[in-house]
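K.L.:
Need a 3D model of the following:
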Amino acid sequence: MAALAPATRAQTQAPPCCTQGAPQTPQPPRTPPPPRSPGSAPRVCIDPGHGGADPGASGFGHNEKDIVLDVGLRLAQLLAADTADTAGGGAWEVLLTRADDTYVSLYQRVAAANAWPADTFVSLHTNAFNSSAATGIETYSYQEGTNSAALRDGIQAQMTAAWPLPDRGSKTANWYVLRETWMPATLSELGFITSPVDVAYLTSPEERQLAARAHLFALQAYHGFPVYLPDSGTRTYCTAKPNSLGCTPAMAFSGTPTLGGADDFQLSATALMARQNGMLFFGFAAAETPFAGGTLCIAPPLSRTAPRSTGGSPPPACDGTFTFEFSQALMEAEGLAPGATIFAQIWYRDPYHGDATGVGMTDAVAFTLAP
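P.N.:
Sure thing, here's the model as predicted:
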C-alpha cells in the first residue's frame, strides 16, 4: 500500500492531497456496490485530507490537516444534529475517513467509501500557492455533466455565500479520490492557507462552523431535503430556585460539545449570590427531585467540580456568575464518549435565604457529545 506523497505545495495544480494515483497507488476493488433501499438515509463519507505524518499544506504557523479535520468533525456533528432534529432537513448516515490526527492513504480513503458504500463523498482540503496573493474558494469533481458536478456546484455556491472570498469557480480534476470513488464525489479547496486573508477564515472556529454549515446545506439540497439548520441539541430544562434577593439564576452555554473539534464548550450561570462558592454537578440522566428548597435536576450518580467563587459585588448582591469550561480533557478523564448525553446544573451558597438551607440551585443544561 503506497504512502501519500509529501505535502509541500508550490502550485494549485495536482496537489499532493489528490495525486492521480498511477502507478504508485493501487486501484481499489472495482466491485459495484449493492443497491440501496429506496428512502433510506443518505450515506455521506466525509474525507478530511492528510493527517498524521502528512501535514498537508502549511502557512502562517498552521497545517492543512488540522483545519480540515476540524471542519470535517463539525460537518459530521451537523449531520448528526440534522438526523436527531425532526423539524426539518433529513436523516443521514456518516463515515469519516479519519476522526483524529491519523495518516490514511488515498487507497484506504476510497476503499472505505466504496466498501461501505457511501452515497456521496466529500473531501476537504485547503489550497496553497507560492505567492500570498493567491486567494479564494474552488470546488472540484472528476467530470462535468455528472451528479458529482451537481453536488460540486452546490458546495461552491454555499461556500462563497458563507465566506466573502473570491469565487474561483467549480472545476474538474483527474484526482484519485474523485476518479476512483463509485459515488458522486467532490473535493473542496476551502481557501489558501498561504494567504493572510484566507487564513483568517480557515483558522477561525466561527468561520469553520460556517464552512461546515455550507457543506450541510449543499448536501441537503443535493439529496432533496429542505435546506435547514438543525438544532444543536443543547438545551436548558428544569426550574431554578429564586435566591434570597429574589433573583432567579439562569444557565447558558456556548461553543460545541465535541471530543474532536474545537475545544470551546462552556457552561455558565448568571444572577447568583455574589462572592459565594459554587460548583457544577453533572450526570447521565435528568431528574426533578426536591432538594434544599429547590430542585435537583440530575439523577445520581453525580460528578462534581471543585468549588469556585461566583465573584461580583460585595454581598448581599445577586450579580455573581459562574463559568465552567467543559473541556475535552475533562471529557476524556470522565470516560465520556461521542453520543453520550450529559445533564449539568450549578449549586452555590446562599447564606441569606429564608429557608435556612443556605443553598441556591440553577436550572440545568442537557447536551450530547459529538465526535
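K.L.:
By mean pLDDT, flag the weakest helix or strand of the chain.
P.N.:
strand 235-237 (a mean of 86; mean pLDDT, DSSP states H and E).
K.L.:
Tell me the strands beside it, with direction?
P.N.:
Applying DSSP bridges, strand 235-237 is found paired with strand 359-368 (antiparallel).
K.L.:
follow-up on the earlier one: quick one: mean pLDDT for the helix or strand following the least confident helix or strand of the chain?
P.N.:
Downstream of strand 235-237, the first helix or strand assigned by DSSP states H and E is strand 250-254. The average pLDDT for strand 250-254 rounds to 90.
K.L.:
Would you mark the buried spots in strand 250-254?
P.N.:
Neighbour-count burial for strand 250-254 flags Met251, Phe253 (criterion: 16 or more other Cβ atoms under 10 Å). Bear in mind the C-beta positions are built from the backbone N, C-alpha and C, glycine included.
K.L.:
Pairing partners for it, with directions?
P.N.:
Strand 250-254 has its sheet partners listed here by DSSP bridges as strand 266-272 (antiparallel).
K.L.:
Kindly export the strand it pairs with (C-alpha atoms) in PDB.
P.N.:
The C-alpha coordinates for strand 266-272 follow below in PDB (Å, rounded to 0.1, in the frame of the first residue of the first chain):
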ATOM      1  CA  GLN A 266     -18.600  26.400  28.200                       C
ATOM      2  CA  LEU A 267     -21.400  26.200  30.700                       C
ATOM      3  CA  SER A 268     -22.300  29.400  32.700                       C
ATOM      4  CA  ALA A 269     -24.800  30.900  35.100                       C
ATOM      5  CA  THR A 270     -25.800  34.400  36.000                       C
ATOM      6  CA  ALA A 271     -27.800  36.100  38.800                       C
ATOM      7  CA  LEU A 272     -26.000  34.000  41.500                       C
END
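K.L.:
what's the angle between the next helix or strand after it and strand 359-368?
P.N.:
Counting by DSSP H and E, the element after strand 266-272 in chain order, helix or strand, is strand 277-283. Per axes from the mean of the first three to the mean of the last three Cα atoms, to 10 degrees, the angle that strand 277-283 makes with strand 359-368 is 40 degrees.
K.L.:
which residues sit against strand 277-283?
P.N.:
Contact partners of strand 277-283, identified using Cβ atoms under 8 Å, 6 or more residues apart in numbering, comprise 267, 269, 272, 296, 298-310, 320, 322, 324, 342-349.
K.L.:
and those, which are buried?
P.N.:
Listed as buried from the contacts of strand 277-283 are 267, 269, 272, 296, 298, 305, 310, 320, 322, 324, 342-349; burial here means 16+ other Cβ under 10 Å.
K.L.:
What is the neighbour count of Ile137?
P.N.:
Counted with other Cβ atoms under 10 Å, residues neighbouring Ile137 total 26.
K.L.:
Right, I'll call it a day here.
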